[in-house]
Structure formats: C-alpha cells, structure tokens
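Visitor: I would like to see how this sequence folds:
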Amino acid sequence: MDGEISSRRELWRGRNLIVGCLLGMMMSVSSIYFYTSGLFLKPLAAEYGWTRGMASLGPLIGILTIGVASTRNQS
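Guide: Prediction:
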C-alpha cells in the first residue's frame, strides 16, 4: 500500500511537467499533422481512386519537410 501512495505523490509532484508535455503535444504542428493524417487516407484514396500508398505520399512529404525544417540551425 505504501508503494501505491508514494507513486501517487510522485505523479502529483510532476503534474506541471505532465501538463506542459500534454499541452506541447496537443498544440504542436508536427504531432497534430502526424497523428491526424491517417484519418483521412482511406476516404481520400477512395475518392480519387488512389492506392493507400499513393494517398500517404502527401503526408509523408509534409512530415519529412517539417522534420528537416525543425532541425535546421536558426542562427
């Protein structure tokens, strides 16, 4: 029982960090784009008669561009 109480206290002490990470992930352009692009692949492929691989090429290019842009030196 003491282990459960101490783990709850540890979680409570780190609440600011957890909330900050949650907000950062929720508002980040790259994570929103990455996690939601899969929702639209099947309807998009069906609408235009593409394969799923062809439909996922657009999000892939966008995700790679975001990755390259975020690693560039800004100085």
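Visitor: could you point out which element follows the least confident helix or strand in the chain by mean pLDDT?
Guide: Averaged element by element with mean pLDDT, DSSP states H and E, the chain has its least confident helix or strand at helix 29-36 (a mean of 72). The C-terminal neighbour of helix 29-36 among helices and strands, as given by DSSP states H and E, is helix 41-48.
Visitor: Which elements pack onto the least confident helix or strand of the chain?
Guide: With contacts defined as 3 or more C-beta pairs under 8 Å, 6 or more residues apart in numbering; DSSP states H and E, helix 29-36 has these neighbours: helix 57-71. In short, each C-beta sits where N, CA and C put it, glycine included.
Visitor: returning to what we had before: what's the least confident helix or strand of the chain in contact with?
Guide: Defining contact as C-beta atoms under 8 Å, 6 or more residues apart in numbering, one finds that helix 29-36 is touched by 25-26, 59, 62-63, 66-67, 70.
Visitor: Make JSON lines from those and add distance to residue 39, neighbour count and pLDDT to it.
Guide: JSON lines is the format used below for these (distance: C-beta to C-beta, whole Å; neighbours: other C-beta atoms under 10 Å; pLDDT from 0 to 100):
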{"residue": "25", "distance to residue 39": "17", "neighbour count": "12", "pLDDT": "77"}
{"residue": "26", "distance to residue 39": "16", "neighbour count": "9", "pLDDT": "76"}
{"residue": "59", "distance to residue 39": "11", "neighbour count": "17", "pLDDT": "79"}
{"residue": "62", "distance to residue 39": "14", "neighbour count": "15", "pLDDT": "79"}
{"residue": "63", "distance to residue 39": "15", "neighbour count": "15", "pLDDT": "78"}
{"residue": "66", "distance to residue 39": "18", "neighbour count": "16", "pLDDT": "77"}
{"residue": "67", "distance to residue 39": "20", "neighbour count": "11", "pLDDT": "78"}
{"residue": "70", "distance to residue 39": "23", "neighbour count": "11", "pLDDT": "76"}
